[in-house]
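[1] Show me how the following folds:
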Amino acid sequence: MQNLVSVVGAAAVWDSLSKVDRLPKIGEIVNITDKEDDFAPGGCAPNIAYNLAGLGLTPTLHYPVGKDFNSSYLKNKWINKGIQLDLTLVENTLSGFASLYMQPDGNTMCFSYLGAAGIASFPENSILNKFVIICPVFNKFTKAALEMALQKESNVIITGIGDSKIIKYLPSIYAIIINVTEAKQLLNALNLDSIQKLSMQIPNLKIFITNGSKGSNVYINGKTINIPIVKTKENITAIVISASAAFSLKILSKTDFLGFPSLSRAISSSK
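    Sure, this is the predicted structure:
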């Protein structure tokens with residue numbers, strides 16, 4: 001039986017990665033220590049789908065693309081990696097793309113062009129699976145997918161989004177996975193001073209807070225579990241994903257988050 005997951009996003013279709021000695025402050029010049037020669041399939045949603053396929057699951061990627069996409073190599077690359085595609089073509093613009101800069105501890109800075117991702121509408125005839133991952137922005141495309149998923153009683157996981165607009169959905173979703181910065185943004189919007197308080201207010205919500213090289217914390221019903229950085233096996237692509245998406249995948253796998261045994265087996269124990 002296939003383990004089916006829908007991954008919905010509306011951002012970049014490819015990333016370029018540069019490694020820097022440290023992320024710059026405003027006006028500061030830093031050194032680029034390494035630069036990938038090729039564009040990587042990404043942003044967040046495609047990379048999550050890419051990695052879930054590597055774990056033996058069957059992800060369907062729901063994503064907007066522009067007029068340039070059919071001439072790119074990415075479509076076949078995604079299909080060859082086991083990703084099923086439900087693409088929304090926006091003919092009058094380019095696909096989204098992003099330039100990532102990563103310092104040695106894995107924290108990143110991203111500059112992006114939305115393109116098709118900024119104007120596409122989620123198709124009403126799309127079919128969503130039992131588990132639906134929504135990332136990394138909350139716009140009309142991802143909002144429509146989220147509401148459709150909840151209407152169909154799918155288990156919804158939001159990752160990479162700390163926008164106040166998601167607050168009303170928190171009691172209805174399965175989990176949220178955000179980094180420290182996104183968590184602060186969400187807490188400010190809720191007028192709360194701790195994730196523990198949010199967890200107690202919505203006890204059934206699984207809250208994952210990622211913190212780069214320091215690992216991650218899981219909050220359920222006010223209780224906290226620490227998860228250190230997880231080492232991956234060779235079947236997980238080494239491609240760099242933006243902060244919360246990268247650690248989300250590792251956390252999902254480490255904790256058997258989606259309920260699929262293959263996820264836990266795909267990740268080796270932390271050292």
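
[2] OK, contacts around Ala53?
    Going by C-beta atoms under 8 Å, 6 or more residues apart in numbering, Ala53 touches Pro59, Lys81, Gly82, Ile83. Backbone N, C-alpha and C define where each C-beta goes, glycine included.

[3] out of those, which are inside strands?
    The members of the contacts of Ala53 that map onto strands under DSSP state E are Pro59.

[4] In terms of distance to Asp193, which of the contacts of Ala53 ranks first?
    Pro59 (36.6 Å; C-beta to C-beta).

[5] per-residue pLDDT, that closest one?
    With respect to pLDDT, Pro59 scores 92.

[6] Over to the one 3 residues further on?
    pLDDT, His62: 97.

[7] So it sits against Val5, correct?
    No: counting by C-beta atoms under 8 Å, His62 does not reach Val5; the two are 11.0 Å apart.

[8] And the strands in the stretch 1-150 of the chain, which stretches?
    Using DSSP state E, counting those that start in this stretch, the strands found in the stretch 1-150 of the chain span residues 4-8, 12-20, 32-35, 40-41, 58-65, 84-89, 96-102, 108-113, 131-134.

[9] what's the offset of the third one from the middle of its chain?
    Yep, that's strand 32-35 we're talking about. 24 Å (C-alpha atoms, centre = their mean, to the nearest Å).

[10] Low-confidence regions, this structure specifically.
    Across the chain, residues meeting the criterion (pLDDT under 70) sit at 1-2, 37-42, 71-72, 212-213, 228-271.

[11] go again using 80 as the cut-off
    1-3, 14-15, 36-43, 51, 54-56, 70-74, 211-216, 226-271 (pLDDT under 80).

[12] how about the helices of it, start to end?
    44-54, 74-80, 140-151, 180-190, 195-201, 243-254, 261-265 (DSSP state H).

[13] right, so of the ones you listed, which gets closest to Asn92?
    Once the helices of the chain are compared by C-beta to C-beta, helix 140-151 is nearest, at 15.9 Å.

[14] Farthest-apart pair in the contacts of Ala53, please.
    Pro59 and Lys81 (9.5 Å).

[15] Comparing these two, which residue is more hemmed in?
    A direct count of neighbours by other C-beta atoms under 10 Å for Pro59 and Lys81 places Pro59 higher, at 29 against 17.

[16] any idea how far Ala45 is from that one?
    Plainly put, Pro59 is 9 Å away from Ala45 if you go by C-beta to C-beta, to the nearest Å.

[17] ok, Thr58 - how many residues close by?
    As a burial measure, Thr58 scores 16 neighbours (other C-beta under 10 Å).

[18] Now the common contact residues for Pro59 and Ala45.
    Shared contacts of Pro59 and Ala45, defined by C-beta under 8 Å, 6+ apart, comprise Val7.

[19] Stretch 199-218: which residues count as buried?
    Going by neighbour count (16 or more other C-beta atoms under 10 Å), the buried part of stretch 199-218 is 199, 202, 205-212, 215-218.

[20] let me fix that: stretch 110-127
    Cys110, Ser112, Leu114, Gly115, Ala116, Ala117, Gly118, Ile119, Ala120, Phe122, Pro123.

[21] State the distance from Ser126 to Leu87.
    If you go by C-beta to C-beta, the gap between Ser126 and Leu87 works out to 10 Å.

[22] Gly162 and Gly56, how far apart?
    From Gly162 to Gly56 the distance is 30 Å (C-beta to C-beta).

[23] of those two, who's got more company?
    A side-by-side neighbour count of Gly162 and Gly56, using other C-beta under 10 Å, places Gly162 first with 21 against 16.

[24] ok so, going back, I'd like the helices of the chain as TSV, with distance to Asn31 appended.
    Output for the helices of the chain, formatted as TSV (distance: least, C-beta to C-beta, whole Å):
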stretch	distance to Asn31
helix 44-54	26
helix 74-80	30
helix 140-151	36
helix 180-190	24
helix 195-201	35
helix 243-254	21
helix 261-265	38
